[in-house]
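Enquirer: Got a sequence here, can you build the structure:
(chains A and B)
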Amino acid sequence: MLSLSLCRLINVSQMEKKTMKKPMPTSCEQCPSRAEGIFCGLESEELKEIAQHKVINRYKKGQTLFVQGTHPYGLYCVSNGNIKLTKTDSSGKESIVKVVSGGDIIGHRSLFTDSNYSATATALDETEVCFIDKKFIMKVIAEKPTVSFSIINKLSRDMGAAEEKISSFHQKNVRERLAELLLLLRQSHGEMMTDGRVKINLKLTREEMATMIGTANETLIRFITEFKDAGLIEQEGKTLFIIDEETLIEWANLSL
Amino acid sequence: MTDTIFRLQPAIIERLKSYAPPLLYSIDQAIHYEGHIPIVGYLLLEGQIKLTRNDRLKLVLEAGHLFGLAELMNGISFDFTAKVSKQSRICYLDRSTVLEIMESEDQLSRQFLDSVLCDQNV
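Expert: Numbering: from 1, shown residues only, chains lettered A, B, ... in the order given. Okay, the predicted model is just below:
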(Lines give C-alpha, C1' and ligand atoms only; values in the text may rest on other atoms or scores of the structure.)
Protein backbone atom coordinates (compact mmCIF):
# COMPACT_ATOMS: atom_id res chain seq x y z
CA MET A 1 0.00 0.00 0.00
CA LEU A 2 1.30 3.46 -0.84
CA SER A 3 2.23 5.76 1.98
CA LEU A 4 -0.29 8.34 0.91
CA SER A 5 -0.37 10.30 4.11
CA LEU A 6 3.29 11.24 3.64
CA CYS A 7 2.69 12.46 0.10
CA ARG A 8 -0.19 14.66 1.04
CA LEU A 9 0.26 18.40 1.25
CA ILE A 10 -3.16 18.88 2.71
CA ASN A 11 -4.27 20.26 6.00
CA VAL A 12 -7.26 17.99 6.59
CA SER A 13 -8.91 20.18 9.21
CA GLN A 14 -8.86 23.03 6.69
CA MET A 15 -10.52 20.75 4.14
CA GLU A 16 -13.28 19.84 6.59
CA LYS A 17 -13.91 23.51 7.35
CA LYS A 18 -14.15 24.24 3.63
CA THR A 19 -16.56 21.37 3.11
CA MET A 20 -18.89 22.87 5.67
CA LYS A 21 -18.87 26.18 3.76
CA LYS A 22 -20.00 24.40 0.60
CA PRO A 23 -22.92 26.29 -1.02
CA MET A 24 -26.17 24.45 -1.67
CA PRO A 25 -26.12 23.44 -5.35
CA THR A 26 -29.08 24.17 -7.59
CA SER A 27 -30.72 20.93 -8.65
CA CYS A 28 -31.68 20.42 -12.30
CA GLU A 29 -35.34 20.28 -11.24
CA GLN A 30 -35.14 23.74 -9.73
CA CYS A 31 -33.03 25.23 -12.52
CA PRO A 32 -34.66 28.50 -13.67
CA SER A 33 -33.86 27.58 -17.27
CA ARG A 34 -34.95 23.95 -17.16
CA ALA A 35 -37.79 24.47 -19.66
CA GLU A 36 -35.36 25.83 -22.28
CA GLY A 37 -32.50 23.46 -21.46
CA ILE A 38 -31.41 20.24 -23.14
CA PHE A 39 -32.61 18.14 -20.20
CA CYS A 40 -36.17 19.50 -20.25
CA GLY A 41 -37.59 16.15 -21.38
CA LEU A 42 -36.01 14.09 -18.60
CA GLU A 43 -37.76 12.68 -15.57
CA SER A 44 -36.88 13.41 -11.96
CA GLU A 45 -34.78 10.25 -11.47
CA GLU A 46 -32.82 10.93 -14.65
CA LEU A 47 -32.12 14.48 -13.51
CA LYS A 48 -30.78 13.12 -10.22
CA GLU A 49 -28.24 11.06 -12.15
CA ILE A 50 -27.14 14.17 -14.04
CA ALA A 51 -26.75 16.02 -10.74
CA GLN A 52 -24.23 13.39 -9.65
CA HIS A 53 -22.03 14.17 -12.62
CA LYS A 54 -22.26 17.94 -12.84
CA VAL A 55 -20.13 20.70 -11.38
CA ILE A 56 -21.90 23.99 -10.63
CA ASN A 57 -19.92 27.20 -10.71
CA ARG A 58 -20.89 30.82 -10.28
CA TYR A 59 -18.95 33.34 -12.33
CA LYS A 60 -18.70 37.06 -11.77
CA LYS A 61 -18.68 39.60 -14.60
CA GLY A 62 -15.46 39.27 -16.58
CA GLN A 63 -14.52 35.80 -15.33
CA THR A 64 -13.54 33.23 -17.93
CA LEU A 65 -15.16 29.81 -18.34
CA PHE A 66 -12.81 28.60 -21.04
CA VAL A 67 -10.28 30.00 -23.45
CA GLN A 68 -10.04 29.71 -27.24
CA GLY A 69 -7.56 27.02 -28.24
CA THR A 70 -7.85 24.93 -25.07
CA HIS A 71 -9.08 21.39 -24.70
CA PRO A 72 -12.81 20.83 -24.00
CA TYR A 73 -13.51 18.54 -21.04
CA GLY A 74 -17.28 18.63 -21.39
CA LEU A 75 -20.38 20.68 -21.91
CA TYR A 76 -21.53 23.84 -20.12
CA CYS A 77 -25.25 24.40 -19.43
CA VAL A 78 -26.11 27.99 -18.58
CA SER A 79 -28.52 28.11 -15.67
CA ASN A 80 -28.78 31.90 -15.51
CA GLY A 81 -26.86 35.01 -16.53
CA ASN A 82 -25.19 35.95 -19.80
CA ILE A 83 -21.96 34.78 -21.37
CA LYS A 84 -20.18 36.18 -24.39
CA LEU A 85 -18.29 33.98 -26.81
CA THR A 86 -15.42 35.82 -28.42
CA LYS A 87 -12.86 34.98 -31.05
CA THR A 88 -9.44 36.58 -31.09
CA ASP A 89 -7.59 36.91 -34.38
CA SER A 90 -3.84 36.72 -34.92
CA SER A 91 -3.49 40.47 -34.33
CA GLY A 92 -5.22 40.14 -30.95
CA LYS A 93 -8.46 41.77 -32.08
CA GLU A 94 -11.46 40.33 -30.27
CA SER A 95 -14.95 39.98 -31.73
CA ILE A 96 -18.14 38.69 -30.15
CA VAL A 97 -19.47 35.63 -31.93
CA LYS A 98 -22.51 35.14 -29.76
CA VAL A 99 -24.12 35.94 -26.42
CA VAL A 100 -25.69 32.99 -24.61
CA SER A 101 -28.05 33.00 -21.63
CA GLY A 102 -30.13 30.70 -19.40
CA GLY A 103 -31.07 27.41 -21.09
CA ASP A 104 -28.26 27.61 -23.64
CA ILE A 105 -25.36 25.20 -23.85
CA ILE A 106 -21.78 26.02 -24.79
CA GLY A 107 -18.73 24.01 -25.68
CA HIS A 108 -20.76 21.31 -27.43
CA ARG A 109 -19.38 21.90 -30.91
CA SER A 110 -15.77 21.43 -29.83
CA LEU A 111 -16.82 18.41 -27.85
CA PHE A 112 -18.48 16.65 -30.77
CA THR A 113 -15.78 17.53 -33.27
CA ASP A 114 -13.04 16.64 -30.78
CA SER A 115 -11.32 19.92 -31.45
CA ASN A 116 -10.10 22.68 -29.16
CA TYR A 117 -12.41 25.54 -28.24
CA SER A 118 -12.82 27.94 -31.16
CA ALA A 119 -13.85 30.81 -28.88
CA THR A 120 -13.40 32.17 -25.37
CA ALA A 121 -16.37 32.22 -22.98
CA THR A 122 -16.57 35.12 -20.53
CA ALA A 123 -19.35 36.00 -18.09
CA LEU A 124 -21.06 39.31 -18.90
CA ASP A 125 -22.75 39.43 -15.50
CA GLU A 126 -23.35 37.15 -12.49
CA THR A 127 -23.74 33.73 -14.06
CA GLU A 128 -24.47 30.22 -12.85
CA VAL A 129 -23.24 27.44 -15.10
CA CYS A 130 -23.29 23.65 -14.79
CA PHE A 131 -20.44 21.65 -16.29
CA ILE A 132 -21.04 18.06 -17.38
CA ASP A 133 -18.06 15.95 -18.38
CA LYS A 134 -17.71 14.54 -21.88
CA LYS A 135 -17.92 10.87 -20.88
CA PHE A 136 -21.25 11.33 -19.16
CA ILE A 137 -22.84 13.65 -21.71
CA MET A 138 -21.96 11.20 -24.51
CA LYS A 139 -23.62 8.41 -22.52
CA VAL A 140 -26.73 10.55 -21.98
CA ILE A 141 -26.89 11.43 -25.68
CA ALA A 142 -26.62 7.76 -26.61
CA GLU A 143 -29.33 6.70 -24.16
CA LYS A 144 -31.83 9.58 -24.12
CA PRO A 145 -33.28 10.64 -27.48
CA THR A 146 -34.94 13.74 -25.98
CA VAL A 147 -31.50 15.10 -25.03
CA SER A 148 -30.09 14.31 -28.49
CA PHE A 149 -33.04 16.09 -30.16
CA SER A 150 -32.63 19.12 -27.92
CA ILE A 151 -28.95 19.36 -28.83
CA ILE A 152 -29.73 18.93 -32.54
CA ASN A 153 -32.36 21.65 -32.19
CA LYS A 154 -29.86 24.01 -30.58
CA LEU A 155 -27.20 23.21 -33.19
CA SER A 156 -29.71 23.86 -35.99
CA ARG A 157 -30.72 27.20 -34.48
CA ASP A 158 -27.04 28.12 -34.08
CA MET A 159 -26.43 27.26 -37.71
CA GLY A 160 -29.45 29.31 -38.82
CA ALA A 161 -28.24 32.29 -36.79
CA ALA A 162 -24.73 31.95 -38.24
CA GLU A 163 -26.13 31.87 -41.80
CA GLU A 164 -28.24 34.95 -41.07
CA LYS A 165 -25.19 36.72 -39.71
CA ILE A 166 -23.10 35.91 -42.76
CA SER A 167 -25.75 37.17 -45.17
CA SER A 168 -26.32 40.24 -43.01
CA PHE A 169 -22.60 41.08 -43.09
CA HIS A 170 -22.55 40.73 -46.87
CA GLN A 171 -25.85 42.34 -47.79
CA LYS A 172 -26.54 45.00 -45.18
CA ASN A 173 -24.99 48.30 -44.25
CA VAL A 174 -24.02 49.28 -40.70
CA ARG A 175 -27.32 51.06 -39.99
CA GLU A 176 -29.28 47.96 -41.02
CA ARG A 177 -27.00 45.68 -39.02
CA LEU A 178 -27.35 47.82 -35.89
CA ALA A 179 -31.14 47.87 -36.22
CA GLU A 180 -31.07 44.09 -36.65
CA LEU A 181 -28.86 43.64 -33.57
CA LEU A 182 -31.20 45.76 -31.46
CA LEU A 183 -34.15 43.66 -32.60
CA LEU A 184 -32.27 40.46 -31.78
CA LEU A 185 -31.39 41.79 -28.33
CA ARG A 186 -35.03 42.75 -27.87
CA GLN A 187 -36.02 39.18 -28.63
CA SER A 188 -33.39 37.55 -26.41
CA HIS A 189 -33.09 40.01 -23.53
CA GLY A 190 -36.03 42.40 -23.87
CA GLU A 191 -38.33 43.23 -20.98
CA MET A 192 -41.59 45.07 -21.60
CA MET A 193 -41.91 48.05 -19.26
CA THR A 194 -45.19 49.53 -18.04
CA ASP A 195 -44.53 52.67 -20.11
CA GLY A 196 -44.44 50.62 -23.33
CA ARG A 197 -40.67 50.77 -23.76
CA VAL A 198 -38.66 47.55 -24.03
CA LYS A 199 -35.65 47.41 -21.76
CA ILE A 200 -32.62 45.45 -23.02
CA ASN A 201 -31.48 43.46 -19.99
CA LEU A 202 -27.95 43.02 -21.22
CA LYS A 203 -25.22 45.53 -20.62
CA LEU A 204 -22.84 45.48 -23.55
CA THR A 205 -20.11 48.05 -24.01
CA ARG A 206 -20.14 50.05 -27.23
CA GLU A 207 -16.97 48.22 -28.23
CA GLU A 208 -18.69 44.85 -27.75
CA MET A 209 -21.71 45.97 -29.77
CA ALA A 210 -19.41 47.25 -32.51
CA THR A 211 -17.68 43.87 -32.83
CA MET A 212 -21.07 42.14 -33.01
CA ILE A 213 -21.98 44.06 -36.16
CA GLY A 214 -18.48 44.23 -37.58
CA THR A 215 -17.87 47.93 -37.42
CA ALA A 216 -15.62 50.44 -35.69
CA ASN A 217 -16.48 51.79 -32.26
CA GLU A 218 -16.76 55.37 -33.53
CA THR A 219 -19.12 54.33 -36.33
CA LEU A 220 -21.36 52.50 -33.88
CA ILE A 221 -21.51 55.50 -31.55
CA ARG A 222 -22.46 57.75 -34.47
CA PHE A 223 -25.31 55.42 -35.49
CA ILE A 224 -26.55 55.02 -31.91
CA THR A 225 -26.81 58.80 -31.72
CA GLU A 226 -28.75 58.75 -35.01
CA PHE A 227 -31.12 56.07 -33.65
CA LYS A 228 -31.65 58.08 -30.46
CA ASP A 229 -32.26 61.31 -32.39
CA ALA A 230 -34.82 59.51 -34.57
CA GLY A 231 -36.65 58.32 -31.43
CA LEU A 232 -36.07 54.62 -32.08
CA ILE A 233 -34.15 53.98 -28.87
CA GLU A 234 -33.40 55.66 -25.55
CA GLN A 235 -30.51 55.28 -23.19
CA GLU A 236 -30.41 55.51 -19.39
CA GLY A 237 -26.89 55.05 -18.11
CA LYS A 238 -25.64 51.91 -19.82
CA THR A 239 -29.13 50.52 -20.39
CA LEU A 240 -30.80 50.71 -23.78
CA PHE A 241 -34.56 50.90 -24.32
CA ILE A 242 -36.37 50.20 -27.58
CA ILE A 243 -39.06 52.74 -28.26
CA ASP A 244 -40.13 52.24 -31.86
CA GLU A 245 -39.89 48.62 -32.95
CA GLU A 246 -41.76 49.09 -36.23
CA THR A 247 -39.31 51.67 -37.53
CA LEU A 248 -36.42 49.52 -36.31
CA ILE A 249 -37.76 46.66 -38.45
CA GLU A 250 -37.87 49.02 -41.44
CA TRP A 251 -34.36 50.27 -40.76
CA ALA A 252 -33.14 46.69 -40.42
CA ASN A 253 -34.53 46.02 -43.88
CA LEU A 254 -36.25 42.91 -42.57
CA SER A 255 -39.10 41.21 -44.33
CA LEU A 256 -41.01 39.74 -41.36
CA MET B 1 -2.71 26.77 2.76
CA THR B 2 -1.91 24.31 -0.02
CA ASP B 3 -5.29 22.68 0.30
CA THR B 4 -5.65 19.27 -1.30
CA ILE B 5 -2.54 18.81 -3.35
CA PHE B 6 -0.79 15.44 -3.45
CA ARG B 7 2.50 14.16 -4.75
CA LEU B 8 1.83 10.70 -6.16
CA GLN B 9 4.10 7.71 -6.37
CA PRO B 10 4.97 6.26 -9.82
CA ALA B 11 2.78 3.16 -9.42
CA ILE B 12 -0.40 5.11 -8.88
CA ILE B 13 0.51 7.64 -11.58
CA GLU B 14 0.83 4.78 -14.08
CA ARG B 15 -2.53 3.39 -13.00
CA LEU B 16 -4.34 6.72 -13.26
CA LYS B 17 -2.80 7.41 -16.67
CA SER B 18 -4.65 4.40 -18.02
CA TYR B 19 -7.96 6.13 -17.24
CA ALA B 20 -7.02 9.56 -18.52
CA PRO B 21 -4.75 9.95 -21.53
CA PRO B 22 -2.41 12.93 -21.09
CA LEU B 23 -2.79 16.20 -22.96
CA LEU B 24 -0.12 18.71 -23.86
CA TYR B 25 -0.50 22.22 -22.42
CA SER B 26 1.55 25.16 -23.59
CA ILE B 27 3.24 27.78 -21.47
CA ASP B 28 1.04 30.51 -19.93
CA GLN B 29 -2.13 28.48 -20.44
CA ALA B 30 -4.49 28.94 -17.48
CA ILE B 31 -6.12 25.66 -16.52
CA HIS B 32 -8.06 26.78 -13.46
CA TYR B 33 -9.20 30.12 -12.06
CA GLU B 34 -9.24 30.68 -8.31
CA GLY B 35 -12.52 30.56 -6.47
CA HIS B 36 -14.20 28.04 -8.76
CA ILE B 37 -14.94 24.37 -8.32
CA PRO B 38 -12.54 22.52 -10.64
CA ILE B 39 -14.32 20.84 -13.55
CA VAL B 40 -11.74 18.03 -13.50
CA GLY B 41 -8.84 16.95 -11.29
CA TYR B 42 -5.36 17.48 -12.77
CA LEU B 43 -2.39 15.14 -12.59
CA LEU B 44 0.83 16.75 -13.78
CA LEU B 45 3.04 14.24 -15.60
CA GLU B 46 5.68 16.57 -16.99
CA GLY B 47 6.39 20.28 -16.85
CA GLN B 48 5.49 22.86 -14.26
CA ILE B 49 2.38 24.63 -13.02
CA LYS B 50 2.33 27.77 -10.89
CA LEU B 51 -0.42 28.28 -8.37
CA THR B 52 -1.24 31.89 -7.57
CA ARG B 53 -3.78 33.57 -5.38
CA ASN B 54 -4.61 37.27 -5.87
CA ASP B 55 -1.82 37.32 -8.46
CA ARG B 56 0.76 36.21 -5.88
CA LEU B 57 2.75 33.05 -6.39
CA LYS B 58 1.89 30.48 -3.73
CA LEU B 59 3.23 27.18 -4.97
CA VAL B 60 5.03 25.60 -7.90
CA LEU B 61 3.84 22.12 -8.87
CA GLU B 62 5.99 19.59 -10.67
CA ALA B 63 5.66 16.13 -12.18
CA GLY B 64 3.67 13.80 -9.95
CA HIS B 65 1.43 16.43 -8.36
CA LEU B 66 -2.32 15.93 -8.33
CA PHE B 67 -4.66 18.81 -7.55
CA GLY B 68 -8.31 19.77 -7.76
CA LEU B 69 -9.66 16.25 -7.42
CA ALA B 70 -10.89 16.43 -3.83
CA GLU B 71 -12.50 19.81 -4.53
CA LEU B 72 -14.14 18.47 -7.70
CA MET B 73 -15.70 15.53 -5.90
CA ASN B 74 -16.66 17.56 -2.82
CA GLY B 75 -18.06 20.48 -4.81
CA ILE B 76 -15.83 23.05 -3.15
CA SER B 77 -13.69 25.73 -4.69
CA PHE B 78 -9.98 25.41 -5.38
CA ASP B 79 -8.66 28.78 -4.32
CA PHE B 80 -5.69 29.12 -6.62
CA THR B 81 -5.27 30.05 -10.24
CA ALA B 82 -3.27 27.31 -11.95
CA LYS B 83 -1.17 28.40 -14.90
CA VAL B 84 1.26 26.34 -16.95
CA SER B 85 4.76 27.79 -16.49
CA LYS B 86 6.65 25.19 -18.53
CA GLN B 87 5.16 23.13 -21.33
CA SER B 88 3.32 20.35 -19.51
CA ARG B 89 1.72 16.98 -19.99
CA ILE B 90 -1.35 16.70 -17.81
CA CYS B 91 -3.89 13.95 -17.23
CA TYR B 92 -7.37 15.03 -16.28
CA LEU B 93 -9.81 13.04 -14.18
CA ASP B 94 -13.45 14.05 -14.52
CA ARG B 95 -16.31 13.07 -12.20
CA SER B 96 -17.45 10.21 -14.44
CA THR B 97 -13.96 8.72 -14.52
CA VAL B 98 -13.60 8.97 -10.74
CA LEU B 99 -17.01 7.35 -10.20
CA GLU B 100 -16.06 4.65 -12.72
CA ILE B 101 -12.82 3.90 -10.83
CA MET B 102 -14.67 3.79 -7.51
CA GLU B 103 -16.92 1.08 -8.95
CA SER B 104 -14.13 -0.84 -10.68
CA GLU B 105 -12.05 -3.84 -9.63
CA ASP B 106 -8.95 -1.69 -9.57
CA GLN B 107 -8.17 -1.89 -5.87
CA LEU B 108 -5.05 0.26 -5.94
CA SER B 109 -6.78 3.18 -7.65
CA ARG B 110 -9.85 2.77 -5.46
CA GLN B 111 -7.81 2.84 -2.28
CA PHE B 112 -5.96 5.85 -3.54
CA LEU B 113 -9.16 7.73 -4.35
CA ASP B 114 -10.64 6.73 -0.99
CA SER B 115 -7.73 8.40 0.75
CA VAL B 116 -7.86 11.50 -1.45
CA LEU B 117 -11.58 11.89 -1.06
CA CYS B 118 -11.33 11.53 2.70
CA ASP B 119 -14.67 13.11 3.62
CA GLN B 120 -16.68 12.31 0.58
CA ASN B 121 -20.22 12.86 -0.50
CA VAL B 122 -19.83 10.76 -3.63
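
Enquirer: What are the structural domain limits within chain A?
Expert: A:23-168, A:172-251 (automatic domain parsing).

Enquirer: quick one: the strands in the stretch 101-250 of chain A?
Expert: Using DSSP state E, counting those that start in this stretch, the strands of the stretch 101-250 of chain A run over A:105-106, A:120-123, A:127-133, A:190-192, A:198-200, A:233-236, A:239-242.

Enquirer: Could you name the helices and strands sitting against the shortest one?
Expert: What that stands for is strand A:105-106. strand A:74-80 (3 or more C-beta pairs under 8 Å, 6 or more residues apart in numbering or on different chains; DSSP states H and E). From N, CA and C alone the C-beta is placed, and that goes for glycine too.

Enquirer: pLDDT below threshold where in chain B?
Expert: B:1-3, B:118-122 (pLDDT under 70).

Enquirer: If I look at the residue of the stretch 151-256 of chain A found nearest chain B, what pLDDT would I see?
Expert: Closest residue of the stretch 151-256 of chain A to chain B, C-beta to the nearest C-beta: A:Ile151 (17.9 Å). According to the prediction, A:Ile151 has pLDDT 89.

Enquirer: tell me the contacts of whichever residue of the stretch 51-200 of chain A sits closest to chain B?
Expert: Across the stretch 51-200 of chain A, the shortest distance to chain B (C-beta to the nearest C-beta) belongs to A:Asp133, at 3.5 Å. Applying C-beta atoms under 8 Å, 6 or more residues apart in numbering or on different chains to A:Asp133 gives the contacts A:53, A:73-74, B:39-40, B:94-97.

Enquirer: will you turn these into TSV that also has distance to B:Glu105, neighbour count and secondary structure?
Expert: Formatted as TSV, those follow (distance: C-beta to C-beta, whole Å; neighbours: other C-beta atoms under 10 Å in any protein chain shown; DSSP: H, G, I helix; E, B strand; the rest coil):
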residue	distance to B:Glu105	neighbour count	secondary structure
A:His53	22	20	helix
A:Tyr73	26	21	coil
A:Gly74	26	25	strand
B:Ile39	27	24	coil
B:Val40	23	25	coil
B:Asp94	20	26	coil
B:Arg95	20	25	helix
B:Ser96	17	19	helix
B:Thr97	15	20	helix
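
Enquirer: Please identify which of these is nearest to A:Arg109.
Expert: Nearest to A:Arg109 among the contacts of A:Asp133, counting by C-beta to C-beta, is A:Gly74 at 12.8 Å.

Enquirer: hmm, back to that, which one among the contacts of A:Asp133 gets closest to B:Leu16?
Expert: B:Thr97 (9.1 Å).

Enquirer: Buried deepest among the strands of the stretch 101-250 of chain A, which one?
Expert: Ranked by mean neighbour count, the strands of the stretch 101-250 of chain A are led by strand A:127-133 with a mean of 25 (mean count of other C-beta atoms under 10 Å in any protein chain shown).

Enquirer: can you give me the offset of it from its chain's centre?
Expert: Offset of strand A:127-133 from its chain centre (C-alpha atoms, centre = their mean, to the nearest Å): 12 Å.

Enquirer: which stretches of chain B form helices?
Expert: B:10-17, B:69-74, B:95-102, B:107-116 (DSSP state H).

Enquirer: I'd like those laid out as CSV, including distance to chain A.
Expert: Formatted as CSV, the helices of chain B follow (distance: least, C-beta to the nearest C-beta, whole Å):
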stretch, distance to chain A
helix B:10-17, 6
helix B:69-74, 6
helix B:95-102, 4
helix B:107-116, 5
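
Enquirer: Indicate which one of the ones you listed is closest to A:Asn217.
Expert: Of all these, helix B:69-74 sits nearest to A:Asn217, with 40.6 Å by C-beta to C-beta.

Enquirer: other SSEs contacting the closest one?
Expert: Partner elements for helix B:69-74 (3+ C-beta pairs under 8 Å, 6+ apart): helix A:12-20, strand B:41-53, helix B:95-102, helix B:107-116.

Enquirer: Show me the one of these that comes nearest A:Ala216.
Expert: Nearest to A:Ala216, of all the helices and strands packed on helix B:69-74, is strand B:41-53, at 36.1 Å by C-beta to C-beta.

Enquirer: For the closest one, buried residues please.
Expert: The neighbour-count check on strand B:41-53 (16 or more other C-beta atoms under 10 Å in any protein chain shown) flags B:41-45, B:47-51 as buried.

Enquirer: still on that earlier bit, over to the residue lying closest to the residue of the stretch 151-256 of chain A closest to chain B once chain neighbours are set aside. Which of the three states is it?
Expert: Spatial nearest neighbour of A:Ile151, excluding adjacent residues (C-beta to C-beta, 6 or more residues apart in numbering or on different chains): A:Ile38 at 5.6 Å. With DSSP: H, G, I helix; E, B strand; the rest coil as the basis, A:Ile38 sits in coil.
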